[in-house]
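J.: Kindly return the folded structure for what I paste below:
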Amino acid sequence: MTAENTSTIRLDDVSLSLGGREILSGLNLEIPAGKVTAVMGPSGAGKTTVMRLITGQLKPDAGSVWLGETRVDALKPKELNGLRRNIGVLLQNGALFTDLTAFDNVALPLREHSGLPEALIRRIVLLKLQTVGLRGAADLFPRELSGGMNRRIAMARAMALDPDLMLYDEPFAGLDPISLGVSLRLIRQVNHALGTTSVVITHDVGEVAKLADQVCIIADRKLVASGAPDELQRSSHPLVRQFVDGLPDGPVPFHYPAPDLETELLSRKVRAQ
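T.: A predicted model of the protein is given here:
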């Protein structure tokens, strides 16, 4: 299969409920290969759930999940483990091992999965750390680094096996403007240099135009809009406008569903402590 076939992502008519709550209903989503796609939407809309479906951590109640010509939700555990070796994941908090140095954190997937000699692993790790600008921090522990630096080390670890697919879960959350700018540049550079398919789960509407080739907005349990960032900026769809403009009220209400306030205030029912 070509690289394009192996890294195109498709969710066909996917429905999923968790804890009795319907998260996705008939979601149809296609993410092109070799590009940066931002997946956006209100909190609780199912963005991270989509990422977990792509990696096979969750299986849909209905529909199918495809990575190229491979149906992810039909894979057996051993096959799924093989697929995951070609997927790099950057979690929001970095999830570094606190008792390992930056070098050893990045080396871990190579030592576990590659079978390469230690001398070659050392060269690869130093190159990955150089890519994120932290080769000089190779011997430092996560507690000795800032939050933004920890996330860059985690990015180097996610790239260690040169995956075809990179998944980023809220990579800009809590970053200062300088670290945010560095992260934006790194994602674009990695995507361009390695020819990867990149999926970025984010709320940062203002940064998406600098980052993404395509934007997908998920709300009300399904895909409501997709296209280039400038196309969505021109959209007249009420939910897209609410999200892009940051409006407190609209199709997505400010208040979580609840009984009438006056009725509840006058009720004598005491909540359990």
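J.: Helix or strand for the residue nearest to Leu175 when sequence neighbours are not counted, just tell me which one.
T.: Distances taken as C-beta to C-beta, 6 or more residues apart in numbering put Gly148 closest to Leu175, at 5.4 Å, once the chain neighbours are dropped. Glycine gets a C-beta too; all of them are placed from N, C-alpha and C. Using DSSP states H and E, Gly148 maps to helix 147-158.
J.: Which other helices and strands does that helix contact?
T.: Judged by 3 or more C-beta pairs under 8 Å, 6 or more residues apart in numbering; DSSP states H and E, helix 147-158 is in contact with strand 87-90, helix 102-113, helix 118-131, helix 177-194.
J.: returning to that earlier point: contacting residues for the residue nearest to Leu175?
T.: Each residue near Gly148 by C-beta atoms under 8 Å, 6 or more residues apart in numbering is listed here: Leu175, Asp176, Ile178, Ser179, Val182, Ser183.
J.: same thing but 7 Å
T.: For Gly148, the contact set (C-beta atoms under 7 Å, 6 or more residues apart in numbering) comprises Leu175, Asp176, Ser179.
J.: CSV for those, including pLDDT?
T.: Converted to CSV, these look like this (pLDDT from 0 to 100):
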residue, pLDDT
Leu175, 71
Asp176, 73
Ser179, 75
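J.: Quick one, which of those residues are buried?
T.: Leu175, Ser179 (16 or more other C-beta atoms under 10 Å).
J.: re earlier: nearest to Ser15, of the helices and strands packed on helix 147-158?
T.: Closest approach to Ser15 among the helices and strands packed on helix 147-158 is made by strand 87-90 (23.2 Å; C-beta to C-beta).
J.: Give me the distance from the closest one to the chain's centre.
T.: A distance of 8 Å separates the centroid of the chain from that of strand 87-90, by C-alpha atoms, centre = their mean, to the nearest Å.
J.: which outside residues touch that strand?
T.: Outside strand 87-90, the residues that reach it (C-beta under 7 Å, 6+ apart) are Thr55, Ala154, Met155, Ala158, Met159, Pro163, Leu165, Met166, Leu167, Tyr168, Asp169, Pro171.
J.: Try it again at 6 Å.
T.: With C-beta atoms under 6 Å, 6 or more residues apart in numbering as the test, strand 87-90 has contacts from Ala154, Met155, Ala158, Met159, Pro163, Leu165, Met166, Leu167, Tyr168, Pro171.
J.: And for stretch 172-180?
T.: So stretch 172-180 is contacted by Gln92, Gly148, Asp204 (C-beta under 6 Å, 6+ apart).
J.: what's the answer for stretch 184-198, then?
T.: With contact meaning C-beta under 6 Å, 6+ apart, stretch 184-198 is reached by Ser7, Ala33, Gly34, Val36, Leu165, Met166, Lys210, Leu211.
J.: Buried among those residues? Make that a PyMOL selection.
T.: In PyMOL syntax, the buried subset of these is picked out as below (16+ other C-beta under 10 Å):
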select buried, resi 7+33+34+36+165+166+211
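J.: and the contacts of stretch 172-180 as JSON lines, adding distance to Arg84 and pLDDT?
T.: Output for those, formatted as JSON lines (distance: C-beta to C-beta, whole Å; pLDDT from 0 to 100):
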{"residue": "Gln92", "distance to Arg84": "19", "pLDDT": "71"}
{"residue": "Gly148", "distance to Arg84": "26", "pLDDT": "80"}
{"residue": "Asp204", "distance to Arg84": "27", "pLDDT": "72"}
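J.: for stretch 56-64, what is the average pLDDT?
T.: Stretch 56-64 carries an average pLDDT of 93.
J.: Need the residues that contact that stretch.
T.: With C-beta under 6 Å, 6+ apart as the test, stretch 56-64 has contacts from Asp12, Asp13, Val14, Ser15, Leu16, Arg52, Arg71, Val72, Asp73, Leu80.
J.: quick one: which of these has the most company?
T.: Most neighbours among these, by other C-beta atoms under 10 Å: Val14, with 27 neighbours.
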